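Engineer: Next comes the sequence, and after it the predicted model I'd like to discuss.
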Amino acid sequence: MNMKDNTTNAYSQNVLNKFAATQWEKVLTYLQGQFQLERTDCEDIFQESFIILYNQVVEGKISELSCSLSTYFISICRNKAHEHLRAAATKEALLEDSFICVEEADYRMDMIDKILAMEDNNDDERMTRKKASLVRQIVKDLPSPCNELLWAFYRDGISMKTMATMFNYKSESAVKVTKHRCCEKFKTRYEENVKNLF
């Protein structure tokens, strides 16, 4: 049995249908919160994105994800939302397409500065790129929910209120507390690893 067969078996039609049912409310909240889309537009985007996900499963293209299937699916929905906005010629259409998955994402330098709260702006370009690479690797290696929370807040600019709904927290305060702890974990790992850059 090849990798394609293994992937298809792991994500059977029944499994994917159940997955879709659990993702709808999360995706709806994300699309409406980030893009101010009507519910009918969100439904269209969700259905189109699920078809893409299903086809990728059938074609054996998601055998080795660098993020959770839920995060990967939201990234597909996000790209579809961008396509919708471009078609509608709205202001949001100027946003770049990008995946949330860590290995494929282009982590913006201003977001790196925020997450690290860097004070030293005298790094040369080569060192800055090394730090950016280190940031991606550390966030990728952080356990859930830290990896997802840090990506959502710092990279995608998702509000605390939206994250509370997306990740099933009781309140915005609960998200803030968890994010703070995740930032501490991140900074500890960063400080341990950054010495290797010099």
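Structural biologist: Thanks, I have the structure now.
Engineer: Tell me the spacing between the nearest residue to Tyr72 once chain neighbours are set aside and Ser49.
Structural biologist: Closest residue to Tyr72 apart from its sequence neighbours, by CB to CB, 6 or more residues apart in numbering: Leu65 at 5.5 Å. Just so you know, the C-beta spots here come from the backbone N, C-alpha and C atoms, and that holds for glycine as well. Per CB to CB, to the nearest Å, Leu65 is found 15 Å from Ser49.
Engineer: So between the two, which is more surrounded?
Structural biologist: Higher neighbour count among Leu65 and Ser49: Ser49, with 23 against 12, using other CB atoms under 10 Å.
Engineer: what about that one, which helix or strand?
Structural biologist: Counting by DSSP states H and E, the element that carries Ser49 is helix 39-58.
Engineer: Please apply the same query to Glu184.
Structural biologist: Here Glu184 is assigned to helix 172-194, by DSSP H and E.
Engineer: And that helix, what's buried?
Structural biologist: By 16 or more other CB atoms under 10 Å, the buried positions in helix 172-194 come out as Val175, Thr178, Lys179, Cys182, Cys183, Phe186, Arg189, Tyr190.
Engineer: what's the residue lying closest to Glu172 once chain neighbours are set aside in contact with, if anything?
Structural biologist: With sequence-adjacent residues excluded and distances taken as CB to CB, 6+ apart, Glu172 is closest to Met160, at 4.2 Å. Residues near Met160 by CB atoms under 8 Å, 6 or more residues apart in numbering: Phe153, Glu172, Val175, Lys176, Lys179.
Engineer: which two in those are spaced the farthest apart?
Structural biologist: Spanning the widest gap among the contacts of Met160 are Phe153 and Glu172, at 11.7 Å by CB to CB.
Engineer: before we move on, the earlier item: the residue nearest to Tyr72 and Ile76 touch, don't they?
Structural biologist: No - in terms of CB atoms under 8 Å, Leu65 does not count as a neighbour of Ile76; the distance is 11.9 Å.
Engineer: ok, then the element right after the worst-scoring helix or strand of the chain on mean pLDDT?
Structural biologist: Lowest by mean pLDDT, DSSP states H and E among the helices and strands of the chain is helix 3-10, with a mean of 48. For helix 3-10, the following helix or strand on the C-terminal side (DSSP H and E) is helix 13-35.
Engineer: Give me the buried stretch members for that next one, please.
Structural biologist: Buried residues in helix 13-35 (16+ other CB under 10 Å): 16, 20, 23, 26-35.
Engineer: Just the closest of the residues you listed to Arg129, please.
Structural biologist: Gln34 (28.2 Å).
Engineer: Pull the contacting residues for that closest one.
Structural biologist: Gln34 sits in contact with Arg78, Ala81, Asp156, Ile158, Thr162, where contact means CB under 8 Å, 6+ apart.
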